[in-house]
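# dropping the sequence and predicted coords here.
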Amino acid sequence: MSQSYETVIGLEVHVQLTTNTKIFCGCSKDFGQTPNSQTCPVCLGLPGALPVLNQQVVELAIKTGLATNCQIAPRSIFARKNYFYPDLPKGYQISQFELPICEHGWLDIDLENGERKRIGITRAHMEEDAGKLIHGDTPQTAGNSLVDLNRACTPLLEIVSEPDMRSADEAIDYLKKLHQIVVYLGVCDGNLEEGSFRCDANVSVRPYDQEEFGTRAEVKNINSFRFIKQAIEYEVERQIDLIEGGGKVVQETRLFDSDTGMTRSMRGKEDAHDYRYFPDPDLVPLVISPEWIEKVRATLPELPEVKRGRFVEELGMSDYDAGVLASDRALADYFDACVALGSDAKSCANWIMGEILRKLKETDTEITDVPITPELLTGLLARIADNTISGKIAKTVFEKMWQNGQSADQIIDAEGLKQVTDSGAIEALVDEVVAANPDQVAEYLGGKDKLIGFFVGKVMQASQGKANPGMVNQLLKKKLTGN
Amino acid sequence: MTVYDLTLAELRAKLDKRELSAVEVTKTYLDRIAATNPALNTFITICNETALAEAQAADQAIAEGKAQALTGLPIAAKDIFNTAGLRTTCASRILDNYVSPYDATAIARIKEQKAVIIGKLNMDEFAMGSSNENSAFGPVRNPWNQDLVPGGSSGGSAASVAARQAVAALGTDTGGSIRQPASHCSVVGLKPTYGRVSRYGVIAYASSLDQVGPVTRDVRDCALMLQAIAGYDPADSTSVNTPVADYQSNLTGNLKGLKIGLPKEYFIEGLDDDVRKAVEQAAEKYRELGAEIIEVSLPHTSYAVACYYLIATAEASSNLARYDGVRYGLRAENAENLVDMYMQTRAAGFGSEVKRRIMLGTYALSSGYYDAYYLKAQKVRTLIRQDFLNAFETVDALLTPVAPTPAFALGEKVNDPLQMYLSDIYTIPVNLAGTCAMSLPCGFSTDERPIGLQLIGKPFDEATLLRTAHAYEQATEWHKRKTEF
Amino acid sequence: MKITRTEVEHVSRLARLALSAEELDSLTGEMDAILGYVEQLATLDTEGIVPTAHAVPMENAFRPDEVKVGFTAEQALSNAPDAAESAFRVGRIIE
């Protein structure tokens, strides 16, 4: 039955910006502090207090706008959104309504069928966050709600998409893309669980032959990518069931409950439909010059999509490898640093995606804290390339390097791991092995070619892994077949 | 002459010569307040302990040769200013027991000079009113005649200075709230240009119109007070970073070449005869002093009250949303739920004029009406502002009445809000235009009610405004008349 | 009539202001009179006029992103009608 309905999704993402202080006052936005200890007259909404805009918030908003292909408004203004709620100290939220800082942007997502789809970004605007309501659960507070205003007035950028997505998967693709960009830019820490990247979904359905959109419900409180899929799919089912049952979808705000996987109507906000927006007379127009925009543009890092393309085209990497490396800015920076130091792109990528990522995971370390610097890794790769050590020995060197931070050369010298390429020395070992294993020699000569591996292993063992495997192979064959 | 008859400048000289100590001066004032406040009801809070401690600190500073213009002088502040550690009520039940944890910038600046904060003054609740009858703490009475209103909303500021309960006072002016009571009480009141004095810590009524200013005995004192509080404040985004002149040194008495405009729209029907006569005589005096008097036109004047009551109430409806019973102030007991708590708290906490303006402002911003009311008013505001800018192309200042009538009787207009609003017709356009203006004594009606003269100056040209006022004051005796209090 | 009693009641709810029946009656009359008075603005042609938000032209007031010491929790709660566990306490809110 649901095949006859099309899903329409628009997303509103609240990105918490990585500033030191709140958007309109100098309070620190350190979390996990005693409730109400990160406050001042401004964020408590005391009588007479006035807001002053944090310039860094504007910088980060411009940055995000540029990275999402938005036009940056030469003049934008702050407005008051009026409603009453205990977590909203002034009785209004300072936001932007008419004239937001960013408009008319877009992001491309890759569909499963290999096509690209452009998702429009209507606008992005700066605003202040509300405080936190905690439900009391101690004898002192049971049956009460507690208001903590430490989070009040922290800076948010709300990024509003066009209703361009047609499935939960498209919505997730868009969100992941946006998430990657804001984390890449360093404008957001990207932590969904802690609410640094929050998503509200406007979901509606319509019969395929209908042109106008159906009535939408706004689903709030979705704090993981997994839940977004769940919430949207539940909501789509609910709306189709409603319509099929002869009912009507009402425009409302619904809360997603991750325990049940369902959405439910929010009673508390029923009155808040008339926000009475008007320009905030306590704040002045924000005027952004083309020079300012260009200055910010110059600080933009290479974005993941561009980086990925460069890895493929300039370094000849596979699309997959390029994608993995480009997905994380610090990882990509690490890779770029190695290549710049002279590492071979392909083997470097293999080492990063293999040994480095494995070891990071094992030791629960971030790439930014990796003990093997790009210089060290490049040194190691060079010793493999010039046959000083084998790939296998290299892994031993790598382990040592991780522990003591010494260079490949230092470790190779200290441990005596230099590859033996002296054919006389290798030949002596080959002779020993051949002499000691007459039965296997006979079998090999009888046609069991695979036994060559056995001999190579024995010789490598005898050389403590240091013999050049290529030479061992060559010399063995020569010795065994006599030519 | 008694201590409390001295002006700020005169007291300064006596303190500097050690003829008086700040403690003596402060004690004199505290005694006088104690004796006169029951009759006038000018003070909401009297700072008996803290004022004396501040006076001692001031005497110390004077002894160390560190005296500044306001050091040791008892100054009272409208109860709209946040004062750290002192009760700050805005004359509202909703803030009845509110003790502010911080100082407004204007307060901090006079405290830096070691002025003595002698008390917090009565006012119309949240600065909404023109008679000081809208106070949760009862009306202020006019010291010239206790049956009259002192004007509002800074009624306590004007009455306390007129009654010599403070050497000077701070007030705020959103639609005439300094100038009109100054006029009704025969003292000097100045509304600086919007952005000249920080609004930080001043409880907001209408943010785009509110401005802090002094109320004083004479123009020199006014210059000294403005000097102390004027100037850029990074804590107020609408504070303007433009140079502050040396106001006192500009009081030269020289009006040669000055052009003063008389806006014809201000001298129309409804203007009391005594007021008209007094203002016309003042114009004549200016002519004698060498100024050129020119008739000008401010064609959109008649729209100003309507424009003001939409903008001011819209902003107020939002500014007063924070009084919700959650973080401070009154909270209604026994509410059924959250919405009920809000509705009962605000019903119990606000007086009828505040409720009326919140309602009007909420309506003006509500869905479907924004364009017709708020946005329309902002466009009309542009026209009104342009009127002034056009007039200032030809004149340096404007001379007008402050109010259409002298002070009216207590209770006379309380039941007709629209009539009350219309009494602000001459002061409101200045706030809409954002420029500076002041009120100074220019006579008395036949029944001995004070009359004030309004001078309106160019934006940020308070220096010329004060010079123009000072020259008139020097040539007249009105400011020397004292109430019997 | 510019405004009805029902509209006044709706506005009072938006403004979170409980009004008695008498207050509703008198406010309806007063607001009607004031709205009638402000109607004169509609007669002015404001086509193409830029609205004035601030009488003095101003733009770009910023604060550097530097931490300033604010209140302790005790100071923040010093005027609270009700507080517990370092937070403002209100009745249970059901979302």
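Now that the structure is in, tell me what you want to look at.
# measure stretch B:346-356 end to end?
Using C-alpha to C-alpha, to the nearest Å, the gap from the first to the last residue of stretch B:346-356 comes to 12 Å.
# now check that stretch, is it near chain A?
No. Counting by C-beta under 8 Å from any C-beta of the partner chain, chain A has no neighbours in stretch B:346-356; the shortest distance is 9.6 Å. Quick note: C-beta positions are derived from backbone N, CA and C, even for glycine.
# and that stretch, what's buried?
For stretch B:346-356, a neighbour-count test (16 or more other C-beta atoms under 10 Å in any protein chain shown) marks B:346-347, B:349-351, B:353-356 as buried.
# might one say that B:M438 is in contact with B:G189?
Yes. Contact criterion C-beta atoms under 8 Å: B:M438 and B:G189 qualify, at 6.3 Å.
# up against chain B, what does the stretch 101-250 of chain A have?
Applying C-beta under 8 Å from any C-beta, one finds that the stretch 101-250 of chain A approaches chain B through A:147, A:149.
# tell me which stretches of the stretch 101-250 of chain A form helices.
Remark: helices of the stretch 101-250 of chain A, listed N- to C-terminal, are A:168-185, A:225-244; assignment by DSSP state H, counting those that start in this stretch.
# so what does the longest one touch, helix or strand wise?
The helices and strands touching helix A:225-244, judged by 3 or more C-beta pairs under 8 Å, 6 or more residues apart in numbering or on different chains; DSSP states H and E, are strand A:5-16, helix A:168-185, strand A:197-207, strand A:217-222, strand A:252-257, strand A:262-265.
# one step back: shared neighbours, B:M438 and B:G189?
Between them, B:M438 and B:G189 have B:179, B:182, B:222 as joint contacts when contacts are counted by C-beta atoms under 8 Å, 6 or more residues apart in numbering or on different chains.
# all helices for the stretch 101-250 of chain B, in order.
Counting by DSSP H, counting those that start in this stretch, the segments of the stretch 101-250 of chain B that form helices are B:105-112, B:155-162, B:179-185, B:219-229.
# nearest to chain C, of the ones you listed?
Taking C-beta to the nearest C-beta as the criterion, helix B:105-112 is the member of these that comes nearest to chain C, at 14.4 Å.
# can you pull out the low-pLDDT segments for the stretch 251-400 of chain A?
By pLDDT under 70, the weakly predicted segments of the stretch 251-400 of chain A are A:267-272.
# quick check: residues of it near chain B?
So the stretch 251-400 of chain A meets chain B at A:268, A:271, A:273-274, A:276-278, A:281-284 (C-beta under 8 Å from any C-beta).
# dump the residue contacts of the residue nearest to A:L331 when sequence neighbours are not counted.
Nearest residue to A:L331, sequence neighbours excluded (C-beta to C-beta, 6 or more residues apart in numbering or on different chains): A:I367, at 5.1 Å. With contact set as C-beta under 8 Å, 6+ apart, A:I367 has these partners: A:328, A:330-331, A:334, A:356, A:360.
# going by distance to chain C, which of those wins?
Distances from chain C to these, taken by C-beta to the nearest C-beta, are shortest for A:A330, at 23.0 Å.
# tally of neighbours for the closest one?
For A:A330, the count of nearby residues is 14 (other C-beta atoms under 10 Å in any protein chain shown).
# surely it touches A:D369?
No. Contact status for A:A330 versus A:D369: not in contact, 9.7 Å apart, counting by C-beta under 8 Å.
# gap between the nearest residue to A:R329 once chain neighbours are set aside and A:S4?
With C-beta to C-beta, 6+ apart as the measure, A:Y184 is the residue that lies nearest to A:R329, at 4.6 Å, once sequence neighbours are left out. Here the criterion is C-beta to C-beta, to the nearest Å. By it, A:Y184 lies 40 Å from A:S4.
# which one's more surrounded, the two?
Neighbours were counted for A:Y184 and for A:S4 using other C-beta under 10 Å; A:Y184 has more, 23 against 11.
# show me the contacts for A:N387.
Contact criterion C-beta under 8 Å, 6+ apart gives A:419, A:421, A:468 as the residues in contact with A:N387.
# who's in contact with the first one?
Contact analysis of A:Q419 by C-beta under 8 Å, 6+ apart lists A:387-390, A:393, A:466-468.
# rewinding a little: and of the contacts of A:N387, the nearest to chain C?
For those, the minimum distance to chain C (C-beta to the nearest C-beta) is 54.3 Å, reached by A:Q419.
# about what we covered before: farthest-apart pair in the contacts of A:Q419, please.
Greatest spatial distance in those: A:T388 and A:A467, 12.8 Å, computed using C-beta to C-beta.
# counting neighbours, go ahead and name the busier of those two.
Here A:T388 and A:A467 are set side by side on neighbour count (other C-beta under 10 Å), and the busier one is A:A467, at 25 against 20.
# please report how far the more buried one lies from B:L383.
A:A467 sits 95 Å away from B:L383, going by C-beta to C-beta.
# adding mean pLDDT, write the helices of the stretch 101-250 of chain A out as a markdown table.
Putting those into a markdown table (pLDDT from 0 to 100) gives the following:
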| stretch | mean pLDDT |
| --- | --- |
| helix A:168-185 | 94 |
| helix A:225-244 | 92 |
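# if anything else comes up later, I'll come back, but that's it for now.
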